[in-house]
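J.: Sequence first, predicted coordinates after that:
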Amino acid sequence: SEDDADIKSDDGEAKADAMDSNGAKERKKEKQTQHRDTSLFQHASPSEELWQIRRAINSRLPKDVAVRSCRLIPPPPPGGKPFEARHDVQNKRYTYRLRFHRRKMVSIAGDEGGPKMQVISPICLSGQNTLRSAHDPSNMWICPWALDEKLIQKVCHLLQGQHDFSSFVVKCDRRSRNNTIYLKRFSVSFKDVVEDEDEDTGDIMDNSDDTGIPCNATFVLEAGGFRRQMVRRLIGFVVDVARGHCSLDNIDETLKGSDEAAQQVHAAPACGLTLSKVEYKILAC
């Protein structure tokens with residue numbers, strides 16, 4: 001679970017798999033921390049022990065999972081608590097990546113010669129197939145809706161800080177836990193996807209046709225701990241507001257944490273989520 005007493009994925013599942021809208025498996029890329037008490041390699045130097053542990057674990061892992069580093073933690077003083085990777089977290093950082101069409105208005109002729117009307121550009125409503133390419137990273141959600149970039153920034157700013165996030169957690173945690181959490185950071189950055197070059201042929205696919213320039217958004221969230229599915233539900237709420245499905249005026253009601261408000265919050269797909277950093281009082285990972 002994604003709370004400060006567990007090191008599993010944000011979905012509450014040990015395996016980082018999820019189902020997309022078509023029923024296909026999605027895999028999240030995560031950076032996780034675990035600890036093991038060991039008396040192995042007692043006669044080896046610390047540097048030898050670490051690389052041997054890393055080699056031994058990696059030899060048994062699938063290709064898309066790897067141990068990147070190991071560290072030795074000194075034993076606690078007499079009467080002290082030993083280090084515990086799940087309970088001693090000081091700060092967690094998640095990133096979430098998605099690609100979307102910016103919501104763009106165009107003028108069209110009115111009916112029977114009437115005044116021109118402002119409507120959303122058709123390419124903004126064209127879904128995922130005008131956004132994706134063969135070289136897209138696996139840890140990115142291709143969002144099917146056109147989004148308002150300014151609303152994305154505004155919602156992130158309003159959700160940052162200390163709030164009751166009960167509407168953004170799974171139902172079993174909504175009443176059994178204190179969900180008032182200080183969200184230290186909820187930022188977003190944008191980057192246009194103007195050109196996509198094929199590394200093999202050198203051909204360039206131009207994405208700028210019909211004002212439909214795709215945009216990559218990278219969200220960064222930091223807190224001392226998160227509840228299960230909380231990060232994905234926060235992103236899902238931001239997207240719903242930015243696509244016009246929810247009103248920004250309802251954010252105060254959503255933060256009251258009622259069951260009715262929670263029913264209006266939907267989790268974003270797992271594929272865009274990455275646990276990117278875990279910090280401890282005695283080490284940073």
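T.: Received it, and whenever you're ready, just let me know what you need. Numbering: from 1, shown residues only.

J.: Show me where the stretch 151-285 of the chain has its strands.
T.: 161-164, 180-192, 195-197, 204-206, 214-223, 273-280 (DSSP state E, counting those that start in this stretch).

J.: how about the ones you listed, which one is nearest residue 75?
T.: The closest of the strands of the stretch 151-285 of the chain to residue 75 is strand 273-280. By CB to CB, the value is 15.7 Å. For glycine as for every other residue, the C-beta is placed from the backbone atoms N, C-alpha and C.

J.: Quick one: closest of the strands of the stretch 151-285 of the chain to residue 78.
T.: Evaluated over these, closeness to residue 78 peaks at strand 273-280, with 21.4 Å, by CB to CB.

J.: Now that closest one: buried residues?
T.: Buried positions in strand 273-280, judged by neighbour count with 16 or more other CB atoms under 10 Å: 273-278, 280.

J.: So which elements touch it?
T.: Counting contacts by 3 or more CB pairs under 8 Å, 6 or more residues apart in numbering; DSSP states H and E, strand 273-280 is packed against strand 89-102, helix 230-242.

J.: Parallel or antiparallel, list what pairs with the first one.
T.: Meaning strand 89-102. On the basis of DSSP bridges, the sheet neighbours of strand 89-102 come out as strand 141-147 (parallel), strand 214-223 (antiparallel), strand 273-280 (antiparallel).

J.: what about that strand, distance to the chain center?
T.: Here strand 89-102 is found 4 Å from its chain centre; the criterion is CA atoms, centre = their mean, to the nearest Å.

J.: quick revisit: out of the strands paired with strand 89-102, nearest to residue 158?
T.: Nearest to residue 158, of all the strands paired with strand 89-102, is strand 214-223, at 13.9 Å by CB to CB.

J.: re earlier: with distance to residue 82 added, can I get the strands paired with strand 89-102 in JSON lines?
T.: Listed next are the strands paired with strand 89-102 as JSON lines, based on distance: least, CB to CB, whole Å:
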{"stretch": "strand 141-147", "distance to residue 82": "39"}
{"stretch": "strand 214-223", "distance to residue 82": "25"}
{"stretch": "strand 273-280", "distance to residue 82": "13"}
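
J.: export the ones you listed to a markdown table and tack on mean pLDDT and distance to residue 194?
T.: Putting these into a markdown table (pLDDT from 0 to 100; distance: least, CB to CB, whole Å) gives the following:
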| stretch | mean pLDDT | distance to residue 194 |
| --- | --- | --- |
| strand 141-147 | 92 | 17 |
| strand 214-223 | 95 | 9 |
| strand 273-280 | 89 | 24 |
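
J.: Tell me which of the ones you listed sits nearest to residue 173.
T.: Of all the strands paired with strand 89-102, strand 214-223 sits nearest to residue 173, with 14.9 Å by CB to CB.

J.: Need the residues that contact that closest one.
T.: 91-102, 130-131, 140, 149, 152, 156, 181-193, 207, 231, 234-235, 238 (CB atoms under 8 Å, 6 or more residues apart in numbering).

J.: What residues sit buried inside stretch 259-276?
T.: Neighbour counts over stretch 259-276 (16+ other CB under 10 Å) mark 261-262, 265, 267-276 as buried.

J.: Stretch 147-154 too?
T.: For stretch 147-154, using 16+ other CB under 10 Å, the buried residues are 147-148, 151-154.

J.: Check the offset of stretch 265-275 from the chain's centre.
T.: Counting by CA atoms, centre = their mean, stretch 265-275 is centred 5 Å from the centre of its parent chain.

J.: cool, and stretch 174-182?
T.: Remark: stretch 174-182 is offset 20 Å from the chain centroid, using CA atoms, centre = their mean.

J.: now the end-to-end length of that stretch.
T.: Stretch 174-182 has an end-to-end distance of 17 Å (criterion: CA to CA, to the nearest Å).
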